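Engineer: Provided below for reference: sequence and predicted model.
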Protein chains: 2
Amino acid sequence: MDFKKAILEAVEPLFDRNGFMASGMDRLTDAAGVSSRTLYKHFGSKTGLMAAVLDERDRRFRSRLDVQTVDAFFAALEDWIRIEGARGCLFLRALGETGGDTPEIVAAVQTQKAFLRERIGDIVRVQLDEPREDLVDQLLVLFEGATAGAAYRGPEVASAAREAADILVSNARK
Amino acid sequence: MDFKKAILEAVEPLFDRNGFMASGMDRLTDAAGVSSRTLYKHFGSKTGLMAAVLDERDRRFRSRLDVQTVDAFFAALEDWIRIEGARGCLFLRALGETGGDTPEIVAAVQTQKAFLRERIGDIVRVQLDEPREDLVDQLLVLFEGATAGAAYRGPEVASAAREAADILVSNARK
DNA sequence: GCCAATGTAAAACGATCGTTTTACATGTCA
DNA sequence: TGACATGTAAAACGATCGTTTTACATTGGC
């Protein structure tokens, strides 16, 4: 169980750093310190490995962004970007590299993004005790923008997103 | 001159739809209706072709987003996404697929992103006749967020970005 | 003490990768 | 007319792709 997790931890940085398609199985097995036979027994295929990496990342993401206010959410995002690296959303990158044609990848992305929207919705509901779907949409855009923008402007973009979010929230409170 | 442009127009949808690494030269030459010999004479390598595609896209992008107000900017972005497809920023995707290790790609991305920030800066300066770098950062985040978010929520995210932008602008005006 | 499971190491599979080369057909300009 | 540039078609290059297979070592449970 944590044998599989160890493989995923070793492999994820390679995908993140070099891209999914550009990471060959040879280098993946080398990094994991595991024979290709074992890797295929546990994950079935390269696609299966990619999906497992995404699922594990989602798990980590959820625990790191388990906060109660909008401001804390974007503060946590900045920490996440600073720690996990600023190379763009790994889920959307996987989706783009596979053209949206791989069901396992599509499913992993949908799961993550559905959770993300729910979490933001929960926070907004607590903070404004109204639904305010429009605000949720706007905060989601800020989240994606910080994640993407960090790829070329660094983790500091997250604080721009945070400031914008604070303004939007206090404006919505009216 | 427009011979090269015709090739780029034929090839860009393949990169966009299937990813850069997943698009083999055989399928690219087929789509362009050109022999591989000719393609290599004009672009040198697959990397050169990718960079040329990005440069041409940047050219198209600049003319399409040549507007004077923040609201018009995000309206134009929504049109762009609706027409060019909602698969995430092609520049950042290229950067991610190549791991930031390909100078020609890095240069193309930097050029695009530098222009993007300047354009937003120009618009903000006209609309508020103050510099307001903080607002520029925030609008840049909204732009990237709409582009990325459209990949899984469709072009409508652009209008959420647009609403958020309007709020941030009128708030900045004080 | 042995069977079954689980691991490694390494070779091999056919397919496809990006790129170059060979051979040939055009049209243009001196 | 004849050389040159520019195009196509197609084969070939070695490398690498994702995956499977062969052969062997180690372990834990009945």
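Structural biologist: Great, that's in hand.

Engineer: Which neighbouring elements make contact with the helix ranked longest in chain A?
Structural biologist: When chain A is scanned for its longest helix (criterion: DSSP state H), the result is helix A:103-128. With contacts defined as 3 or more Cβ pairs under 8 Å, 6 or more residues apart in numbering or on different chains; DSSP states H and E, the packing partners of helix A:103-128 are helix A:46-64, helix A:70-84, helix A:90-97, helix A:133-153, helix A:157-173, helix B:133-153. (Glycine included, C-beta is placed from N, CA and C.)

Engineer: list the buried ones in stretch A:84-96?
Structural biologist: Of the residues in stretch A:84-96, A:84, A:86, A:87, A:88, A:89, A:90, A:91, A:92, A:93, A:94, A:95, A:96 count as buried by neighbour count, 16 or more other Cβ atoms under 10 Å in any protein chain shown.

Engineer: so what's the nearest residue to the fifth one once chain neighbours are set aside up against?
Structural biologist: Excluding its sequence neighbours, the residue lying closest to residue A:89 (Cβ to Cβ, 6 or more residues apart in numbering or on different chains) is residue A:147, at 4.8 Å. Applying Cβ atoms under 8 Å, 6 or more residues apart in numbering or on different chains to residue A:147 gives the contacts A:77, A:81, A:88, A:89, B:148.

Engineer: Serialize those residues to a markdown table and add fields for pLDDT and distance to residue A:23.
Structural biologist: Compiled in a markdown table, these are given as follows (pLDDT from 0 to 100; distance: Cβ to Cβ, whole Å):
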| residue | pLDDT | distance to residue A:23 |
| --- | --- | --- |
| A:77 | 98 | 26 |
| A:81 | 97 | 22 |
| A:88 | 97 | 16 |
| A:89 | 98 | 17 |
| B:148 | 98 | 22 |
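
Engineer: For chain A, which residues score under the pLDDT cut-off?
Structural biologist: A:1 (pLDDT under 70).

Engineer: And for the residue in it that DNA strand D sits nearest to, the neighbour number?
Structural biologist: Residue nearest to DNA strand D within chain A (Cβ to the nearest atom of the strand): residue A:24, separated by 2.5 Å. Residue A:24 sits with 12 neighbouring residues when counted by other Cβ atoms under 10 Å in any protein chain shown.

Engineer: which ones are touching it?
Structural biologist: By Cβ under 8 Å, 6+ apart, the contact set of residue A:24 is empty.

Engineer: Need phi/psi at it.
Structural biologist: Main-chain torsions, residue A:24, degrees, to the nearest 10: phi -80, psi 160.

Engineer: about what we covered before: and DNA strand D, which of the contacts of residue A:147 reach it?
Structural biologist: Among the contacts of residue A:147, not one lies near DNA strand D by Cβ under 7 Å from any atom of the strand.
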